[in-house]
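*Asks:* no sequence on this one, just coordinates:
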């Protein structure tokens, strides 16, 4: 039953929900579960990421500056940290620290690559969704640029 629960958790993620159920089953089976105590560092900003982390229960503080200031954001159950690191190398942009006892599921990029190689329909659906996100982002950047240009002229 635990594997089915893990699959259901993964399927709630917008990007991962595009994957076939058998593909999600493999990702869930290969995922590493970990329990953190309050104050445990999940990862530090600037570290190279080898995948994503799904918060199963508890809460994690995200800090852009590791300087003792209050957290920039607190995320809880259902949050997926480092989604893009499932598909490409990336540095962690924030430090993540457990605020309370927290259970996480670590999803590795190497497993994701193998699974997507075995399930090309899932790979295609994810590639299309990421492409849509990038097009939307470029459109938003164009709007910001246009607004900045208008301010400069005005």
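*Replies:* Looks like it arrived, so ask away. On a predicted model such as this, the values are computed, not experimentally measured, just so you know. Residues are numbered from 1 along each chain as shown.

*Asks:* my guess is residue 89 contacts residue 82, does it?
*Replies:* No: contact criterion CB atoms under 8 Å: residue 89 and residue 82 do not qualify, at 11.2 Å. (Glycine included, C-beta is placed from N, CA and C.)

*Asks:* So for these two, which sits in the more crowded spot?
*Replies:* Counted by other CB atoms under 10 Å, residue 89 and residue 82 do not tie: residue 82 has more neighbours, with 22 against 10.

*Asks:* Touching, the more buried one and residue 53? I think so.
*Replies:* Yes: in this structure, residue 82 is within contact of residue 53 by CB under 8 Å, at 6.1 Å.

*Asks:* Please, where are all the helices along this structure?
*Replies:* Using DSSP state H, the helices of the chain run over 2-11, 21-30, 109-118, 120-153.

*Asks:* Spit out the residues that contact residue 89 and residue 82 alike.
*Replies:* Residues touching both residue 89 and residue 82 by CB atoms under 8 Å, 6 or more residues apart in numbering: residue 49.

*Asks:* Below-threshold pLDDT in the chain: ranges please.
*Replies:* Along the chain, segments meeting pLDDT under 70 span 1, 66-68.

*Asks:* Spatially central residue in it, please.
*Replies:* residue 83 (2.6 Å; CA atoms, centre = their mean).

*Asks:* Give me the neighbour count for residue 101.
*Replies:* When neighbours are defined as other CB under 10 Å, residue 101 has 13 of them.

*Asks:* And it, its phi and psi?
*Replies:* phi -50, psi 130 (degrees, to the nearest 10).
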